[in-house]
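> Okay, here's the prediction I keep looking at, along with the sequence it came from:
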Amino acid sequence: MTLSLRTLSVALLLGAGLLVAGCGAPDLGEACDTAGSLSECVDGAVCTNESPGNVCRKVCELMDDCPTGYSCNGVSGGSTKSCQPDPI
């Protein structure tokens, strides 16, 4: 069985597209590397320092920007604020 060049090209492009789709930025609540980074997480999120590591949290300006159980606080490494979980 012989594959045409066109069929092979389409298969390679589709495979590459699936690889790229799986390599997106971390979503809210997922791990990230650099506290204060706005470019590591999905749009509207910042890499926030939390113990034991860093996670992506929603960017905020006011307490009203955050859901119940979260407060708008500063993030190490920059002047951005994020919705961080309230202490229990």
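Here it is on my side, so go on. Numbers count the residues shown, from 1 in each chain.

> Sheet-wise, list the partners of the helix or strand residue 82 falls within with their directions.
According to DSSP states H and E, residue 82 maps onto strand 81-85. Applying DSSP bridges, strand 81-85 is found paired with strand 54-60 (antiparallel), strand 70-74 (antiparallel).

> Mean neighbour count, the ones you listed: which tops it?
Among the strands paired with strand 81-85, ranked by average contacts under mean count of other Cβ atoms under 10 Å, first place goes to strand 54-60 (a mean of 22). Every C-beta, even on glycine, is put in place using the N, C-alpha and C of the backbone.

> mind listing the helices for this structure?
Here the chain has its helices, by DSSP state H, at 5-21.

> would TSV of the strands paired with strand 81-85 with mean pLDDT and distance to residue 27 be doable?
Output for those, formatted as TSV (pLDDT from 0 to 100; distance: least, Cβ to Cβ, whole Å):
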stretch	mean pLDDT	distance to residue 27
strand 54-60	96	6
strand 70-74	94	16
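
> Serialize those to JSON lines and add fields for distance to residue 35.
Formatted as JSON lines, the strands paired with strand 81-85 follow (distance: least, Cβ to Cβ, whole Å):
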{"stretch": "strand 54-60", "distance to residue 35": "5"}
{"stretch": "strand 70-74", "distance to residue 35": "11"}
